[in-house]
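Asks: Got a predicted structure plus its sequence, pasted below:
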Amino acid sequence: MADPYSTLGVARSASEAEIKSAYRKLAKQLHPDRNKDNPQAAEKFSAATNAYDLLSDKDKRARFDRGEIDAEGNPTAPFGFGGGGNGGFRGGAGGQSAHFDFGEGSADFGDIFEGLFGGAGRRAGGGAGFGGGFGRQAPPQKGANVAYRLAVQFTDAATLAPQRITLQDGKTIDLKLPAGVETGTQMRLSGKGQAGPGGAGDAIVTIEVKPHPFFTRDGDNVLLDLPITLDEAVKGGKVKVPTVDGPVMLGVPAGASSGKTLRLRGKGFSGKDGRRGDQLVTLQIDLPADDPALAAFVEGWTDNRAVRASLGV
């Protein structure tokens, strides 16, 4: 069973950020969409996802480090013998063979195996035997988790629009995106993995937010460069602006310059606290090329301001 730290290629002392960075690097390299003819890559992708799922959970990571659970997240079987009475193991010394001493009475191999595999230890008679701790068996193992990658449109991620995904069994389900969703966010679908003796594993869905043609993201805010005409900049007025929720009208102040940023509140991404960020609109004056009318309009007019004085020129 692979060690999750080794699977991700990080040290046991790695920080959360280092673990997340290592997983993203592996997920990008091993993603099934990039390795359609390489089944081993898909297996490694699933293993990396399972390892990240365990190490990104503080409680699970701490329990794994203490040896309470294994790399699959299952409780480890306790290993040990109870002490009591005159019973116990005694090892030989000086090259002599080791022998067992079970105290009073005698015990046959049936007694030993019952003690090892959950029996009463001794069917009858006095004296001490094996303790009950070793006899407990690990619970049946759940089926393997199954990794999925879901590409989400930029606007859907910002507005938390429901998503649909088809699982390996052919069933299609709707997903509700969590607040604060971003590329690398993982969603666990309990019982949607592979079947196993102890029940089905889980489906681990990793979100990939697709880039947008003109929106970009900055934290929970959405950024947009908005072209405006010269007359809109000079005279000001209302202009139509795209947002993740659909077009809205934005007031441009008279005399606006390129680089001026205006704010549309509540038009950004939904943060983890449930509040939405804003859309920051940066104006960009777009002048027509080789326009005789515009050239004639400014002929004889000069702006004598020292607009570059702050730059020392």
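Replies: On my side now, so go ahead. Residues are numbered from 1 along each chain as shown.
Asks: I'd assumed L223 was in contact with R217.
Replies: Yes - counting by C-beta atoms under 8 Å, R217 does reach L223; the two are 7.3 Å apart. In this view, the C-beta of every residue, glycine as well, is placed from N, C-alpha and C.
Asks: Those two: which is more packed in?
Replies: R217 (19 against 16; other C-beta atoms under 10 Å).
Asks: how far away is that one from V244?
Replies: 10 Å (C-beta to C-beta, to the nearest Å).
Asks: Next, show the common contact partners of those two.
Replies: Counting by C-beta atoms under 8 Å, 6 or more residues apart in numbering, the contacts common to R217 and V244 are F154.
Asks: Show the average pLDDT along the longest helix anywhere in the chain.
Replies: Using DSSP state H, we find that the single longest helix of the chain is helix 39-55. Mean per-residue pLDDT for helix 39-55: 85.
Asks: What of stretch 290-305?
Replies: 85.
Asks: CA atoms only: put that stretch into PDB for me.
Replies: The C-alpha coordinates for stretch 290-305 follow below in PDB (Å, rounded to 0.1, in the frame of the first residue of the first chain):
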ATOM      1  CA  ASP A 290      -6.800  56.700 -39.800                       C
ATOM      2  CA  ASP A 291     -10.100  58.700 -39.200                       C
ATOM      3  CA  PRO A 292      -9.900  62.000 -41.200                       C
ATOM      4  CA  ALA A 293     -12.800  63.400 -39.300                       C
ATOM      5  CA  LEU A 294     -11.100  62.900 -35.900                       C
ATOM      6  CA  ALA A 295      -7.900  64.300 -37.200                       C
ATOM      7  CA  ALA A 296      -9.600  67.400 -38.500                       C
ATOM      8  CA  PHE A 297     -11.500  67.700 -35.200                       C
ATOM      9  CA  VAL A 298      -8.300  68.000 -33.100                       C
ATOM     10  CA  GLU A 299      -6.400  70.000 -35.700                       C
ATOM     11  CA  GLY A 300      -5.200  73.200 -34.100                       C
ATOM     12  CA  TRP A 301      -6.100  72.000 -30.600                       C
ATOM     13  CA  THR A 302      -3.300  71.200 -28.200                       C
ATOM     14  CA  ASP A 303      -3.500  69.800 -24.700                       C
ATOM     15  CA  ASN A 304      -0.800  71.700 -22.800                       C
ATOM     16  CA  ARG A 305      -1.000  69.700 -19.600                       C
END
